[in-house]
Every structure is written in structure tokens, then in C-alpha cells.
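what's the 3D shape of this:
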Amino acid sequence: MPAIYPVILCGGSGARLWPVSRKAVPKPFLPLVSKETLFEQAVRRVASDDRFAPPIVIAGAAHADLITAQLGDAPGARLVIEPAARNTAPAIALAAALLPEDAVMLVCPSDHHIADAPAFRAAALDAAALAREDYLVSFGITAERPETGYGYLRRGAPVSGGYAIREFVEKPDLARAEAYVASGEYCWNGGIFAFRAGQLLAELAAHRPEMARLVRAAVNDGITDGLNFHPAAQPFIAIDGDSIDYAVMENTTRAAMVPASMGWSDIGNWAALGDALADQADAAGNVVCGTADLSQCSGVFVMSDGPRISAVGLQDVCIVVCGNEVLITTRDGAQAVGKLPGAVHQ
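Alright, predicted model coming up:
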């Protein structure tokens, strides 16, 4: 069976994990959950497995050196350097245009945590089988709780190895999220996809023809430098960017999903990181990375790169110290960290 081509997306600034995540070294390149960075984990999940080809990494020039260093000696890995950030649809289309039409792409964000790598690979194989039948496939992550920070997929009729997607749902309020989880019909939209390259490009041409034309021009006029590829800047910068969900997935009649229960988290904020590290929590649910003395506290997340944090009587709070920056937020407020002046103007 032909190998599956991992496409690892390295966009975004990780601003909701400020002050640790900065523009120079954003979230994918930080060792947040283990000694490995999230990017290194994404590469390793598909390494040393002949069912997967060497990865194609899509990133901006600012992080090319970081990526090269963290890829290490990964054989055959290819880096595509975007001239500008234009969201996920053009980034994925770049990779598709560089692959044979019948190649199956496995599109993975570089900044997610997946605790169960074998379950991830099993879901990837199921998704690839559907992609070979010209479905555009999302991973439907098991909704473990009524989460308001994620989009949802509503399961439709069964198809081989998965389900049609009946509905795409934006981030809901708590009442709707609770109803989604109780119904059993909804999964989280984890932003992980499988496509046949030619089918993805055909769908993009149908629904976003100008984007498809400019991506093709950027690839045709691009430059290869060793294992790196530089799309032509002028056509790519002219693209009106959009996400793959809005540009293609919500418009196609071939959207499908495979269920995936694999210990997934997008590590989207400090509360989510605390949840991902729950196996390190004390009896009161406190998670400490660094040095801290916590008394009469519960559900507190602490990360410090030096100073000792001392806290008494706190509940459901995140405290982060990095260099000369100190962040304190409730768990509920963690989603808004990226809007703080320090995060915006770093």
C-alpha cells in the first residue's frame, strides 16, 4: 500500500500561552508536555514507520532554523517556506500541489498533544482508506466534556471505516456543548485531516478558484533549495487566506470523519496544558512545573522558570512566571490571555 504523506503545519503564534510562547519561539517549539517539543512529538508520531513517508513541514521563514534544528537527522523531511501566513487552506494546498495526485496527505498541526500515538496511527490508516475513495476526512475527536473552546462535527450516515459529516458546528455556548456531548452525535473538530492530493486541489478549485490558481502559480514559479521549497512570493502573497474548514470542508459533499480517541489536546491555553498534565497533579488537582508551595489550593496550575511561587487558598487559577513576566488568570479567563497587551505587542 502506498505510504501516507504527513503534512505538518507550523503556523500560529500560540499567543494564549504567553508569556512562555513568544513570536520568536512559539508554542510548537517548546517542551510543554515532555522533554520533547510539541513539534518534535508530531514528527516522531509518524517516524520509523514505513506506512508513512517523510514529513512535509509548512512554515514561515522566521522559524525555518528552529524547524531544521528540531528535525535533526529526520531522513527525507522537506520544508516548504511560506512567503506569508495565509491560513491553513493555502498552506495545505501548497503541499498537495507538490505531491502526486494520488498521494494521500495526513495533515497535522504541529502544536497539538496526542497521548496515545498508536491510536493516532490507527485512526490515520482509517482516514487514509477513506481519502483513497475521494472523501475529505476529518478526525472526530471523542468529546470527553462539554468544551466551549472547540468546534464540533456532527456524525452522519456510516461510510466505510467512518461516517459522513452531517454538520460543522462553531464553538458553542456551554448549554449547547452539554447537549452535544449528551447526544453522542458530536465529536470535537481537532483540525487533523486526510486528503488525496488531487481531490483536495479539485475541491479547492471548485470552491475557491482564485486561491487554487494562485497556489498553483506559486508552486510552478517556486524554487527548490536542497530539501527546502520556496513558493513564489508574488502569487502567494496575493491569496485571500482562509481556513481549510471554511474554504473546502464546509462546502464539499464528500466530507467524512473517522472517530479518534487518542488523548488529544490542542494545548490551546494554560488551563488546557494543566489538563494535559493531569497525571502529574496532586490529590487536590494542582499541577506544578517548577518550584511552588501551595496551601489550601485546588485546581491550580503553576509554571515558573525560576522564582518560587507561594499561594494560599486559591482555586482554579493559573500562575505563570517567565523571565520578568508574571501571568495570573482564572481557568475560565485563560482563553483571553492572547489579547493582553504583553501578548499582542511582544
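
which element follows the one helix or strand Arg154 maps to toward the C-terminus?
Element membership for Arg154, per DSSP states H and E: strand 152-159. Per DSSP H and E, the first helix or strand lying C-terminal to strand 152-159 is strand 162-169.

For the residue nearest to Ala256 when sequence neighbours are not counted, what are phi and psi?
Excluding its sequence neighbours, the residue lying closest to Ala256 (CB to CB, 6 or more residues apart in numbering) is Tyr135, at 4.0 Å. The C-beta positions use only the backbone N, C-alpha and C, and glycine is treated the same way. Backbone torsions of Tyr135, given as degrees, to the nearest 10, read phi -80, psi 150.

Tyr135 touches Val159, doesn't it?
Yes - at 6.9 Å, Tyr135 counts as touching Val159 under the criterion of CB atoms under 8 Å.

Compare these two and say which is more crowded by neighbours.
Tyr135 (26 against 17; other CB atoms under 10 Å).

and that one, how far is that from Ser34?
Distance of Tyr135 to Ser34, computed by CB to CB, to the nearest Å: 33 Å.

got the buried residues for stretch 64-75?
66-67, 70-71 (16 or more other CB atoms under 10 Å).

of all the residues you listed, which two lie farthest apart?
Using CB to CB, the two most remote members of the buried residues of stretch 64-75 are Leu66 and Leu71, lying 9.5 Å apart.

pLDDT value on the closest residue to His112 other than its chain neighbours, please?
Computed as CB to CB, 6+ apart, the closest residue to His112 that is not its neighbour in sequence is Asp266, at 5.2 Å. On the pLDDT scale, Asp266 is placed at 93.

which residues are common contacts for Tyr135 and Val159?
Residues touching both Tyr135 and Val159 (CB atoms under 8 Å, 6 or more residues apart in numbering): Ala256.

gap between the helix or strand harbouring Ala127 and the chain center?
Ala127 belongs to helix 117-131 when elements are defined using DSSP H and E. In terms of CA atoms, centre = their mean, to the nearest Å, the centre of helix 117-131 is set 16 Å apart from its chain centre.

Could you export it as CSV, keeping only the C-alpha atoms?
Extracted in CSV, the C-alpha atoms of helix 117-131 (Å, rounded to 0.1, in the frame of the first residue of the first chain):
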residue,chain,number,x,y,z
ALA,A,117,0.4,7.6,19.4
PRO,A,118,-0.7,4.0,18.3
ALA,A,119,-4.4,5.1,18.4
PHE,A,120,-3.4,8.1,16.3
ARG,A,121,-1.8,6.0,13.7
ALA,A,122,-4.7,3.6,13.6
ALA,A,123,-7.1,6.5,13.0
ALA,A,124,-4.7,7.8,10.3
LEU,A,125,-4.9,4.5,8.5
ASP,A,126,-8.7,4.5,8.6
ALA,A,127,-8.7,8.1,7.4
ALA,A,128,-6.3,7.3,4.6
ALA,A,129,-8.6,4.5,3.4
LEU,A,130,-11.5,6.9,3.1
ALA,A,131,-9.3,9.5,1.4
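
Pull out the buried positions in it.
In helix 117-131, counting by 16+ other CB under 10 Å, buried: 120-121, 123-131.

Pick the one among these closest to Val312.
Using CB to CB, Phe120 comes nearest to Val312 of the buried residues of helix 117-131, at 40.7 Å.

Could I get the pLDDT score of that closest one?
On pLDDT, Phe120 comes in at 97.

That one contacts Val258, correct?
No - at 11.0 Å, Phe120 does not count as touching Val258 under the criterion of CB under 8 Å.

Give me the number of neighbouring residues for the closest residue to Pro6 other than its chain neighbours.
Here the nearest residue to Pro6 in space, its sequence neighbours aside, is Pro55; by CB to CB, 6+ apart that works out to 4.2 Å. Number of residues near Pro55 (other CB under 10 Å) recorded here: 25.
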